[in-house]
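K.L.:
Model the structure of this input:
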Amino acid sequence: MKFSDYRSRAPNRTAAAVVIWWIIVRNLVRLVLWLVYRLRCFGREHVPNEGPVVFAANHQSHYDPPIIGVLVGPFSSLARSGLFSFKPFGWLLRQCGAIPMVRRGGASAGALRAGVAELQSRGRLLIYPEGSRTRDGAVTPFRPGVLVLLRRVPQSTVVPVAIEGAFDVWPITRRYPRLRGRIMTMAGPGIPAEELLSVTPHEALQRLHGVIDAMRLDLRRKLRERSGGRYPAPGPGDECAGLPTPASSRSPSPSAR
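P.N.:
Predicted structure coming up:
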């Protein structure tokens with residue numbers, strides 16, 4: 001990616017911040033995640049260079065923001081306020097564009113206002129429509145906060161993002177991540193906000209949920225194929241797809257971008 005692309009994807013950041021956090025640090029994170037978890041990214045061609053863009057992703061672990069950062073580049077995000085009380089972690093979150101205005105389980109009015117302001121300035125905002133991390137690897141029902149943002153900034157594009165493998169590496173029940181496993185992430189084609197706002201809220205959330213979960217299940221198959229069935233472990237994340245058992249997943253996989 002050229003520097004001009006990074007700058008267009010970070011309209012509210014200084015050039016120095018883009019170089020430090022989204023070129024140097026991002027590439028270091030990408031290297032570490034590849035060395036430890038063989039991170040693979042798909043669908044970069046679907047990531048717009050200009051906003052307003054809403055990245056809507058399933059939420060598997062604390063690894064999700066850096067994983068998505070490797071895939072899409074600069075973004076801002078809404079983060080639970082309690083995370084900012086841990087130093088220097090809170091400082092690092094702010095440097096990466098996190099907005100500390102989200103209560104556990106849902107966004108506050110201040111968080112929504114901050115998210116709208118980011119999108120109105122042609123920014124790129126990451127949200128987790130589930131509201132919190134999955135407890136079993138499956139994608140839980142989506143909350144309507146994403147639609148509130150889209151109604152305020154209807155010219156936005158929603159880019160669905162799926163992550164798979166991160167739950168096995170760092171589930172919500174573990175304080176620290178495992179140093180083994182495999183992770184993949186994927187961006188899908190953008191959906192104009194007008195399309196989601198033209199149907200009922202239930203239909204819009206069901207469509208977004210279905211697209212993201214279908215991509216996640218596709219990644220789950222790829223992980224099984226590439227790891228010879230070792231990753232991810234069988235569990236509730238398999239149920240909606242009727243995936244083959246690890247022992248029967250052996251076919252070749254398409255190459256990652």
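K.L.:
Which helix runs longest in the chain?
P.N.:
The longest helix of the chain (DSSP state H) is helix 201-226.
K.L.:
Centre of the chain to that one, how far?
P.N.:
Taking the mean of its C-alpha atoms, helix 201-226 sits 12 Å from the chain's own mean (C-alpha atoms, centre = their mean, to the nearest Å).
K.L.:
What is that helix packed up against?
P.N.:
Using 3 or more C-beta pairs under 8 Å, 6 or more residues apart in numbering; DSSP states H and E, the elements in contact with helix 201-226 are strand 53-57, helix 145-152, strand 157-164, strand 184-187, strand 191-192, helix 193-197. The way it works is simple: take the backbone N, C-alpha and C, and place the C-beta from them, glycine included.
K.L.:
Quick check: next helix or strand after the helix or strand of the chain with the lowest mean pLDDT?
P.N.:
When the helices and strands of the chain are scored by mean pLDDT, DSSP states H and E, strand 106-107 comes last with a mean of 56. Downstream of strand 106-107, the next assigned helix or strand under DSSP states H and E is helix 109-120.
K.L.:
and the longest helix of the chain with strand 53-57, angle?
P.N.:
Following axes from the mean of the first three to the mean of the last three C-alpha atoms, to 10 degrees, one obtains 60 degrees for the angle between helix 201-226 and strand 53-57.
K.L.:
could you give the mean pLDDT of helix 201-226?
P.N.:
The pLDDT scores in helix 201-226 average 97.
K.L.:
repeat for stretch 154-162
P.N.:
On average, stretch 154-162 scores 98.
K.L.:
Going by neighbour count, which residues of it are buried?
P.N.:
Neighbour-count burial for stretch 154-162 flags 156, 157, 158, 159, 160, 161, 162 (criterion: 16 or more other C-beta atoms under 10 Å).
K.L.:
distance of the second one from residue 31?
P.N.:
If I follow you right, that is residue 157. 30 Å (C-beta to C-beta, to the nearest Å).
K.L.:
need the buried residues of stretch 154-162 in CSV with distance to residue 10, can you?
P.N.:
Below are those laid out as CSV (distance: C-beta to C-beta, whole Å):
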residue, distance to residue 10
156, 17
157, 17
158, 19
159, 16
160, 21
161, 18
162, 23
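K.L.:
Which single one of these is nearest to residue 179?
P.N.:
Minimum distance to residue 179 across the buried residues of stretch 154-162 is 23.2 Å, recorded for residue 162 (C-beta to C-beta).
K.L.:
contacting residues for the closest residue to that closest one other than its chain neighbours?
P.N.:
In this structure, residue 162 finds its nearest non-sequential neighbour in residue 215, 3.6 Å apart by C-beta to C-beta, 6 or more residues apart in numbering. Neighbouring residues of residue 215 by C-beta atoms under 8 Å, 6 or more residues apart in numbering: 160, 161, 162, 186, 188.
K.L.:
Output the below-cut-off pLDDT ranges for this protein.
P.N.:
Under the criterion pLDDT under 70, the flagged ranges of the chain are 2, 5-7, 80-97, 100-108, 240-257.
K.L.:
Now with 80, please.
P.N.:
Applying pLDDT under 80 to the chain picks out residues 1-14, 17-18, 78-111, 239-257.
K.L.:
can you tell me how far the most centrally placed residue in it sits from residue 147?
P.N.:
When C-alpha atoms, centre = their mean is applied to the chain, the residue found nearest the centroid is residue 57 (4.0 Å). Noted for residue 57: a distance of 16 Å to residue 147, by C-beta to C-beta.
K.L.:
Which parts of the stretch 1-150 of the chain are helices?
P.N.:
With helices called from DSSP state H, counting those that start in this stretch, the stretch 1-150 of the chain shows them at 3-9, 15-17, 26-37, 64-72, 89-95, 109-120, 145-152.
K.L.:
nearest to residue 232, of those?
P.N.:
Nearest of the helices of the stretch 1-150 of the chain (C-beta to C-beta): helix 26-37, 11.4 Å.
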